[in-house]
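Student: Here is a sequence together with a model predicted from it:
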Amino acid sequence: MAGTSNISGLESITFTDNMSFDGTERGGAFTTNGQLWIGSSVLPHVKKGSIVSPLGTLTIGYSSPNITLDLAGGSIGIDSFTPDSGTTPVVPDGAGNVAMSGSGSITTVGGTNSLTTQLTGMTNHAVLVGAGTTTLTKLDVGTNGQVLIGATAADPAFATLTSTAGTIVYTLGANTLNLDVVNGGFIWNNVTGTTATAVKSNGYQANNAGLVTITMPSVASSTFGDTIKIAGLGAGGWLLQCVATQLIHFGNTATSAAGSIASTNRYDSIEIVCSSTTTEWFVVSAQGNLSVA
């Protein structure tokens, strides 16, 4: 040993600044807090040195007579991840890295100190629907007043509401949909030709110089409570024609199956309602001396 030394028993060695194991001084005097003798696989096998953190993940300090080690920033290190499926746990590689990869519509973007997960292939204002474990499906963007309507075993879609009988008026706006019933749910039609097919919740003005024949809706399309009205204006008058097994009750008189009721004056009128049988209809109001056949 170089310098002053004292060996006492088997437990203690005292020395001044330098130490030699084979007669050769190693590294000079200890002059910095926390320096150590550190072994090496190559000559010299013992040399003075210090603990360092190349990645800056450790804070190294000295508090006599101890060396202190702390995680940088005082944070807790992550040693593994436990996912819902697949390999568990996921542990860092030899360099302390864990790869974060996206799949389908999801990608990952790394920054210096951040990891961002983001969706790809998206369209502004589009609604996303699930597709199992595959890529998300984006629906076509809806327009003003459209609503999302479902379909069995298929993706929903935006569509515009309609009224087959024209009894409802829709006013479309940005994020708004206003509904109004037309004439209390009843629409009047001016029939200027000589034929028309009646639709429930509709009224018909017979307006022709010749006879206007209005044919009843089919039995299959008729439902309890359906209402039809006819008002005469043209000189030819009107005739309401039943179809198939239909008949119309007018007080204690009824038409024959597939029979008819007709005006006898151009200004005669009638209102009929479908019964629960859907083959029988009832006159609930009438004006004039109607002809039943």
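Tutor: Cool, the structure landed.

Student: From the domain annotation, what segments belong to each domain of this structure?
Tutor: The chain is divided into the following domains under automatic domain parsing: 5-73, 185-292.

Student: so of the ones you listed, which one's packed in deepest?
Tutor: Neighbour counts averaged per stretch over those are highest for domain 185-292, at a mean of 17; criterion: mean count of other CB atoms under 10 Å. Where C-beta positions appear, they are placed from N, C-alpha and C, glycine not excepted.

Student: all helices in the protein, in order from the N-terminus.
Tutor: Listed in chain order, the helices of the chain (DSSP state H) amount to none at all.

Student: top strand in it by residue count?
Tutor: For the chain, the longest strand by residue count, based on DSSP state E, is strand 280-287.

Student: That strand: how far from the chain's middle?
Tutor: Put simply, strand 280-287 sits 50 Å off its chain's centre (CA atoms, centre = their mean, to the nearest Å).

Student: what lines up beside it in the sheet?
Tutor: For strand 280-287, sheet partners with direction are given as strand 247-250 (parallel), strand 269-274 (antiparallel), following DSSP bridges.

Student: right, and the domains of the chain - which one's nearest N175?
Tutor: Within the domains of the chain, the stretch nearest N175 is domain 185-292; the backing value is 26.6 Å (CB to CB).

Student: and that closest one, how far apart are its ends?
Tutor: Terminal residues of domain 185-292 are spaced 29 Å apart (CA to CA, to the nearest Å).

Student: average model confidence for it?
Tutor: The average pLDDT for domain 185-292 rounds to 96.

Student: Could you export the domains of the chain as CSV, including distance to T88?
Tutor: Output for the domains of the chain, formatted as CSV (distance: least, CB to CB, whole Å):
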stretch, distance to T88
domain 5-73, 25
domain 185-292, 60
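
Student: Out of the ones you listed, which is closest to L136?
Tutor: Closest to L136 of those is domain 5-73 (CB to CB; 36.8 Å).

Student: Report the mean confidence score over that closest one.
Tutor: Confidence over domain 5-73 (mean pLDDT, whole number) is 68.

Student: on that earlier part again, indicate which one of the domains of the chain is closest to H125.
Tutor: Smallest distance to H125 across the domains of the chain (CB to CB): 34.8 Å, for domain 185-292.

Student: Nearest to A151, out of the strands paired with strand 280-287?
Tutor: Taking CB to CB as the measure, the strands paired with strand 280-287 were each checked against A151, and strand 269-274 came out nearest at 31.3 Å.

Student: mind checking how far the closest one is from the chain centre?
Tutor: Mean-position distance between strand 269-274 and its chain equals 47 Å (CA atoms, centre = their mean).

Student: cool, stretch 225-232 as well?
Tutor: The chain centroid and the centroid of stretch 225-232 are separated by 44 Å under CA atoms, centre = their mean.

Student: Need the contact partners of that stretch.
Tutor: Under the contact criterion CB atoms under 8 Å, 6 or more residues apart in numbering, stretch 225-232 has outside partners 186, 188, 198-206, 214, 216-217, 238, 240, 263, 265-274, 288.

Student: Next: stretch 144-152.
Tutor: By CB under 8 Å, 6+ apart, the surrounding residues in contact with stretch 144-152 are 127, 139, 142, 156-161, 170-177.

Student: Which of the contacts of stretch 225-232 fall within strands?
Tutor: 188, 202-206, 214, 238, 240, 269-274.

Student: Now do the contacts for the residue nearest to V109 when sequence neighbours are not counted.
Tutor: Leaving aside its chain neighbours, V109 sits nearest to T116 (4.6 Å; criterion: CB to CB, 6 or more residues apart in numbering). With contacts defined as CB under 8 Å, 6+ apart, T116 is in contact with 108-110.

Student: And S291, by the same measure?
Tutor: Contact analysis of S291 by CB under 8 Å, 6+ apart lists 261-264.

Student: hmm, try it at 6 Å
Tutor: Under the criterion of CB atoms under 6 Å, 6 or more residues apart in numbering, the contact list for S291 reads 262, 264.

Student: try G288
Tutor: With CB under 6 Å, 6+ apart, G288 has these contacts: 263, 265, 268.

Student: rerun at 7 Å
Tutor: With contacts taken as CB atoms under 7 Å, 6 or more residues apart in numbering, G288 has the following neighbours: 263-265, 268-269.

Student: distance of the closest residue to G203 other than its chain neighbours from G110?
Tutor: Leaving aside its chain neighbours, G203 sits nearest to K229 (3.8 Å; criterion: CB to CB, 6+ apart). Noted for K229: a distance of 73 Å to G110, by CB to CB, to the nearest Å.
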